[in-house]
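I'd like to go over a predicted model; first the sequence, then the structure.
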Amino acid sequence: QVQLVESGGGLVQTGGSLRLSCAASGRTFSSYTMGWFRQAPGKQREFVGLLTYGGISTEYADSVKGRFTISGDFAKNTVHLQMNNLEPEDTAVYYCAASILRLPKTPNGYDYWGQGTQVSVSS
């Protein structure tokens with residue numbers, strides 16, 4: 001079992017950057033595929049990107065490709081989501097999650113979730 005805690009959210013202007021962190025405890029995150037999702041008010045939770053177990057590879061949603069980057073810090077057992085060139089459409093609560101599957105891109109594919117962190121982008 002793994003516990004996840006996100007941090008790093010906040011309010012930024014269009015074009016700005018934020019780095020979210022997901023600290024894992026209980027087990028090393030490298031044992032799981034680590035995903036990032038977001039949920040805007042009134043919308044379904046949507047896939048943002050993932051880091052496969054062992055930190056071997058990443059995949060991203062088309063809407064964030066080229067702007068967002070996921071990385072893993074094995075020493076700190078933490079996964080980061082670097083978000084650049086933010087747009088108002090990126091405003092949402094961002095969640096990290098852990099899965100025993102290899103490439104899950106839906107919420108149902110994940111076993112453990114953090115509490116979420118709010119990201120707001122002003123125009």
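Here it is on my side, so go on.

Surely G109 touches L101?
Yes: G109 sits in contact with L101 when judged by CB atoms under 8 Å, with a separation of 5.2 Å. All C-beta spots, glycine's among them, are computed from the backbone N, C-alpha and C.

Next, the spatially most central residue of the chain: phi, psi?
Of all residues in the chain, the one closest to the mean position by CA atoms, centre = their mean is W36, 2.6 Å from it. W36 adopts backbone torsions of phi -120, psi 130, taken as degrees, to the nearest 10.

In this structure it contacts V93, no?
No: between W36 and V93 there is no contact under CB under 8 Å: 11.4 Å.

any idea how far Q13 is from the closest residue to R45 other than its chain neighbours?
Excluding its sequence neighbours, the residue lying closest to R45 (CB to CB, 6 or more residues apart in numbering) is Q39, at 4.3 Å. Distance check for Q39 against Q13: by CB to CB, to the nearest Å, it reads 22 Å.

Have a look at these two and say which one is more surrounded.
Per other CB atoms under 10 Å, whichever of Q39 and Q13 has more neighbours is Q39, with 15 against 10.

Relative to L11, how far out is that one?
17 Å.
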